[in-house]
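A.B. asks: Dropping the sequence and predicted coords here.
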Amino acid sequence: MTDPDLEYERIRERVHQLDRSSNSRARTIEWLIEDRLGVAKDHAGHLEIYVNSEQLVAVTPVVDANMDYQTWYDQIDGSEFRANRLFLPTGSHLEQAAAFICVELIAAGVRDNPAGAFAKTERLIDVWLQQLQLSNEVILGLVGELLVLHSLALSVDRDHIPDLVNTWHGFTRSDRDFQIGPIGVEVKTTTGQKSSHNFNNLRQLQVGFPVGGGEESQLYVASIGLTWDDGANPDNTLPTLVEGICKLLREASPRQGDQLADSFVETVENYGSEPSVGYHHPTMSDSPRYSRPFAVTFSRIYDMADEGIEILRLDDLANFPHVAAESVSYRATFPDTVQGDLNPIRSLPKASEHILRLVGWCG
């Protein structure tokens, strides 16, 4: 085993042994090169690499979005220091990446020339982060689901806001993005003008397959049209949606609000994040990739029990016993109008109130 291999294994083991920091500003740095290059975990368990030097300037947008330069506090002796931080996502499989980056920085001469070493290794860091960042399609889906969640939270009785947030399941592998008691809601988002969406299986379109079992009486598909528009309302962004929901949680539960908001932020980060780096609100809210404004072009919430919606359903496969129902996926294009103003409901606030009244969560 060569010396670089030994160095890599040594650093990986030290990364593995890291403990979480006690709060968002204090850190216990494991210095790999004394007062120059170190690793740590923040209070949420995310890996970080620190270069104690003058501010480093990233030339690639992705690396720049994952770096900052500020004052930190040593968790052990309380002293403060200014350092560059490269933020990495959580997950044990990323310990190897942290060790690899540190080995490359050391080999590039970070001890004596931090800026030069960073310049030599930035492209490697960028390639790794590019592979892991969320795709545009995933970001679009997340925005659509949070639009629905925010609308529901604005309409629900205040005491039910924490319970409502827990009805969101879009970050998991499930057939419903929301399961509000016996009411299921599937959210689909598009940048097109038609309500045309891909469905992974027939259960997503049929009543009777709720999250967690039990009974399901109704199912709605919320079709959301969005367009990315730098000239749109600057308050219409993914970060402002997340912050708006956190605000509602804090207001609904003054004692536990911060804890509920932190839990929600961690849930958002899990959305579409395997094997990608999820949206980490505390560090990525200023990133151009996530803070781009959007405009809602349409909202159509379809009651899937309506026979006027002519789609392929599970019963239709009864005459095809050789077809595995769970393998069927297809694109459905819903009509703009099914039943006058009743179906679809063309307003998220109206649809939210309608659904919440059905479960008794809206006065």
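C.D. replies: Looks like it arrived, so ask away.
A.B. asks: Please count neighbours and contacts with C-alpha atoms only from this point.
C.D. replies: Fine.
A.B. asks: Surely Thr283 touches Asn66?
C.D. replies: Yes. Contact criterion C-alpha atoms under 8 Å: Thr283 and Asn66 qualify, at 7.2 Å.
A.B. asks: Who has more neighbours out of those two?
C.D. replies: Neighbours per residue, other C-alpha atoms under 10 Å: of Thr283 and Asn66, the larger number sits with Asn66, 20 against 13.
A.B. asks: For the more buried one, which residues are in contact?
C.D. replies: Contact analysis of Asn66 by C-alpha atoms under 8 Å, 6 or more residues apart in numbering lists 86-88, 283-284.
A.B. asks: Quick check: phi and psi on it?
C.D. replies: The phi/psi pair for Asn66 (degrees, to the nearest 10) reads phi -100, psi 10.
A.B. asks: go on, Met67?
C.D. replies: phi -120, psi 150.
A.B. asks: I'd say it and Leu86 touch.
C.D. replies: Yes. Between Met67 and Leu86 there is a contact under C-alpha under 8 Å: 4.6 Å.
A.B. asks: ok, and for stretch 246-264, which residues are buried?
C.D. replies: 246, 248-253, 257-258, 260-262, 264 (16 or more other C-alpha atoms under 10 Å).
A.B. asks: do the same with stretch 111-123
C.D. replies: 111, 114-115, 117-122.
A.B. asks: And stretch 289-309, by the same measure?
C.D. replies: Residues of stretch 289-309 classed as buried: 289-296, 298-304, 309 (neighbour count, 16+ other C-alpha under 10 Å).
A.B. asks: what sits in contact with each of Thr283 and Asn66?
C.D. replies: Contact criterion C-alpha under 8 Å, 6+ apart; residues shared by Thr283 and Asn66: Phe87.
A.B. asks: Packing partners of the lowest-mean-pLDDT helix or strand in the chain?
C.D. replies: Every helix and strand in the chain was compared by mean pLDDT, DSSP states H and E; the lowest is helix 61-65, with a mean of 81. On a contact count with 3 or more C-alpha pairs under 8 Å, 6 or more residues apart in numbering; DSSP states H and E, helix 61-65 meets helix 114-132.
A.B. asks: So what touches the helix or strand just after the helix it packs on?
C.D. replies: Per DSSP states H and E, helix 114-132 leads on to helix 136-155 as the next helix or strand towards the C-terminus. Contacts of helix 136-155 with the rest of the structure, by C-alpha under 8 Å, 6+ apart, involve 161, 164-165, 168, 170, 177, 187-190, 224, 238, 241-242, 244-245, 248, 271-272, 290, 348-349, 352-353, 356, 362.
A.B. asks: what's the answer for stretch 163-183, then?
C.D. replies: Under C-alpha under 8 Å, 6+ apart, the answer for stretch 163-183 is 145, 149, 152-153, 156, 184-187, 203-204, 209-211, 215-220, 264, 267-268, 270-272, 355, 359.
A.B. asks: Buried ones in that stretch, by neighbour count?
C.D. replies: When burial is assessed from 16+ other C-alpha under 10 Å, stretch 163-183 yields the following buried residues: 164-165, 167-171, 174-183.
A.B. asks: just stretch 337-351 next, same as before
C.D. replies: 337-338, 343-346, 348-349, 351.
A.B. asks: tally of neighbours for Ser22?
C.D. replies: Here the count is done by other C-alpha under 10 Å, and Ser22 has 14 residues near it.
A.B. asks: wait, is Val221 part of a strand?
C.D. replies: Yes. If the criterion is DSSP: H, G, I helix; E, B strand; the rest coil, then Val221 is within a strand.
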